[in-house]
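>>> coords please:
(2 chains)
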Amino acid sequence: SAVISQKPSRDICQRGTSLTIQCQVDSQVTMMFWYRQQPGQSLTLIATANQGSEATYESGFVIDKFPISRPNLTFSTLTVSNMSPEDSSIYLCSALFGGLSSPLHFGNGTRLTVT
Amino acid sequence: RKEVEQDPGPFNVPEGATVAFNCTYSNSASQSFFWYRQDCRKEPKLLMSVYSSGNEDGRFTAQLNRASQYISLLIRDSKLSDSATYLCVVNPYSGNTPLVFGKGTRLSVIA
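All right, here's what the predicted structure looks like:
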């Protein structure tokens, strides 16, 4: 099965700084997504990373705070900007290898702690 | 009503026990359903898809009841390695949202 590599796997950052998370898939995929999982909570979709165009954000998430790039069909980045302690969470890259009815596959996640 | 609701758990069961998890979903138009497993500090991994006729994979059986908008997962002969959080996942087929995740049910299998 395809491999989704995400880095960094964890980071501790200071308030006010930004962190860019990278996601690399070892095969071309049509759809990539970024999720957040806060402690004790379920996964929340941040945005759909669209290849060659602006990402589609879910309610409560904005481009200025979570800029996303997807320059090709195998790579995407998520930046968490101007971080605050409330951004401490696990950020997960995911990809669909089939149609919308297919299951999602996830990268190993980035555990972010903001101090 | 939340889009996907699961038993709150945690479930603490002895090795060899049979345990069942339940899940309800709110969107009657949903077409695809999955169970994921998430180990502590790890990413979710697909356990099995759930088909209309029900399906089995070894010790795991998934059932779907569309009329009641209800999904279940049965684990037989529980192993210590089954300890994890089990996420009920539904594709609501609305907008761009690919999947909606339940909060998960934590299972601890005890020796």
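>>> Just the residues contacting the worst-scoring helix or strand of chain B on mean pLDDT, thanks.
Taking all helices and strands of chain B together, the one with the lowest average confidence (mean pLDDT, DSSP states H and E) is strand B:100-101, at a mean of 90. The contact list for strand B:100-101, computed with CB atoms under 8 Å, 6 or more residues apart in numbering or on different chains, reads A:42-43, B:3-4, B:25, B:36, B:44, B:87-92. C-beta: built from backbone N, CA, C; applies to glycine.
>>> Give me the helices and strands touching the helix or strand following it, please.
The C-terminal neighbour of strand B:100-101 among helices and strands, as given by DSSP states H and E, is strand B:105-110. Strand B:105-110 makes packing contacts with strand B:11-14, strand B:19-25, strand B:84-91 when contacts are defined by 3 or more CB pairs under 8 Å, 6 or more residues apart in numbering or on different chains; DSSP states H and E.
>>> you'd agree residue A:86 is in a helix?
Yes: according to DSSP: H, G, I helix; E, B strand; the rest coil, residue A:86 belongs to a helix.
>>> and it, what is it in contact with?
Contact criterion CB under 8 Å, 6+ apart gives residue A:114 as the residues in contact with residue A:86.
>>> For the residue positioned nearest the centre of chain A, give its distance to chain B.
With distances taken as CA atoms, centre = their mean, residue A:34 lies nearest the centre of chain A, 3.2 Å away. Summarising the geometry, the distance separating residue A:34 from chain B, computed by CB to the nearest CB, to the nearest Å, is 12 Å.
>>> Any stretches of chain A with poor pLDDT?
For chain A, applying pLDDT under 70 flags the ranges A:1.
>>> Give me every residue in it that's in contact range of chain B.
By the rule CB under 8 Å from any CB of the partner chain, the part of chain A lying against chain B is A:31, A:33, A:41-43, A:45, A:48, A:56, A:58, A:92, A:96, A:100-109, A:111.
>>> And those residues, which of them are buried?
In these, burial by neighbour count holds for A:31, A:33, A:42-43, A:45, A:48, A:58, A:92, A:96, A:102-109, A:111, counting by 16 or more other CB atoms under 10 Å in any protein chain shown.
>>> for the closest residue to residue A:114 other than its chain neighbours, what are its contacts?
The spatial neighbour of residue A:114 that comes closest, neighbours along the chain excluded (CB to CB, 6 or more residues apart in numbering or on different chains), is residue A:83 at 4.5 Å. Shown in contact with residue A:83 (CB under 8 Å, 6+ apart): A:13, A:14, A:15, A:16, A:17, A:18, A:19, A:112, A:114.
>>> And for residue B:44?
Here residue B:44 is in contact with A:43, A:92, A:106, B:36, B:37, B:38, B:87, B:101 (criterion: CB under 8 Å, 6+ apart).
>>> now it: how far from residue A:72?
Residue B:44 sits 25 Å away from residue A:72, taking CB to CB, to the nearest Å as the criterion.
>>> what's the spacing between residue A:52 and residue A:69?
Relative to residue A:69, and taking CB to CB, residue A:52 is found at 10 Å.
>>> what about residue A:23, how many residues close to it?
Residue A:23 has 28 neighbours, counted by other CB atoms under 10 Å in any protein chain shown.
>>> check which helix or strand covers the nearest residue to it once chain neighbours are set aside.
Once flanking residues are discounted, residue A:23 sits nearest to residue A:93: 3.4 Å by CB to CB, 6+ apart. In this structure, residue A:93 sits in strand A:89-96 according to DSSP H and E.
>>> need the next SSE after that strand, C-terminal direction.
Using DSSP H and E, the helix or strand that follows strand A:89-96 in sequence is strand A:104-106.
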